[in-house]
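**Student:** Sharing a model that was predicted from the sequence below.
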Amino acid sequence: MSYPADIPLQMLREGNARFAEGRQKPHYTLGERLSVAREQRPWAVIVGCSDSRVPVEVVFDVGPGELFVTRTAGHVMSEAGYASVRYAVETLGTRLVVVLGHEDCGAVTAAREGGAPEWLAPITDHIHFSADATIAEAVDQHVLESVADLRRWFAASDFAGETPVVVGAAYQLGSGEVHWL
């Protein structure tokens, strides 16, 4: 369902508050599955990390069909990732894209500490932050750089339609809270 970006952003904030407080709604019911089997109408795109400790729909307390999620280690975007986001925005009509990093990200840690195996370079080479940044600061800086990259990509593309709002956030593993950047 297409909403102006401020509405899904508020829905994500409220869903995360429910999750962090342990007040989640029941999801993935038979009715919900049958409803989304016919079509998908997500109201937000989440570009997130593939870390198994960050279950995006759970973190935002949403059901099937509400979010369009693309995940890679360190939320590093590739051609396929950009195309996926574009599909959700241009074809499905989502108006909000959230880049979601998280506390204790292994990809950011590998980029910061160096010494990662060469096969991880397609990820670590795309993670940038200031030299004196803590891991938490590096995560936030990487999220903000990814937000800027997505905004530049939309501006430079032949995208047809209203450019979405792109924002950044970071998930705290212990508390379950998302802080918005």
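**Tutor:** Great, that's in hand. Numbers count the residues shown, from 1 in each chain.
**Student:** helices and strands of the protein: which one bottoms out on pLDDT?
**Tutor:** helix 30-38 (a mean of 82; mean pLDDT, DSSP states H and E).
**Student:** quick one: buried residues of it?
**Tutor:** V36 (16 or more other Cβ atoms under 10 Å). For every residue, glycine as well, the C-beta is placed using N, CA and C.
**Student:** chain center to that helix, what's the gap?
**Tutor:** 24 Å (Cα atoms, centre = their mean, to the nearest Å).
**Student:** Quick one: mean pLDDT over stretch 165-176.
**Tutor:** For stretch 165-176, mean pLDDT is 98.
**Student:** and that stretch, how far apart are its ends?
**Tutor:** 24 Å (Cα to Cα, to the nearest Å).
**Student:** Kindly report the same for stretch 38-57.
**Tutor:** Span of stretch 38-57 from end to end, Cα to Cα: 20 Å.
**Student:** Now that stretch: buried residues?
**Tutor:** Within stretch 38-57, judged by 16+ other Cβ under 10 Å, the buried ones are 42-49, 51, 54, 56-57.
**Student:** so of those residues, which ones are in strands?
**Tutor:** The strands, defined by DSSP state E, take in 44-49 from these.
**Student:** Next, the angle from whichever strand or helix holds R18 to strand 44-49.
**Tutor:** Assigned by DSSP states H and E, R18 falls within helix 6-21. Put simply, helix 6-21 runs at 50 degrees to strand 44-49, going by axes from the mean of the first three to the mean of the last three Cα atoms, to 10 degrees.
**Student:** which other residues reach helix 6-21?
**Tutor:** 24-25, 43-44, 58-62, 94-96, 98, 165, 167, 175-178, 180 (Cβ atoms under 8 Å, 6 or more residues apart in numbering).
**Student:** rewinding a little: can you tell me which two in the buried residues of stretch 38-57 are farthest apart?
**Tutor:** Largest separation among the buried residues of stretch 38-57 by Cβ to Cβ: W43 and D51, giving 23.6 Å.
**Student:** quick one: low-confidence ranges for the chain?
**Tutor:** Along the chain, segments meeting pLDDT under 70 span 1.
**Student:** those helices in it, which residues are they?
**Tutor:** 6-21, 30-38, 56-59, 79-86, 106-113, 121-124, 135-156 (DSSP state H).
**Student:** Could you identify which of those helices is most buried?
**Tutor:** helix 106-113 (a mean of 20; mean count of other Cβ atoms under 10 Å).
**Student:** hang on, the earlier thing: the contacts of helix 6-21 in strands, which ones?
**Tutor:** Using DSSP E, these in strands are 44, 96, 98, 165, 167, 178, 180.
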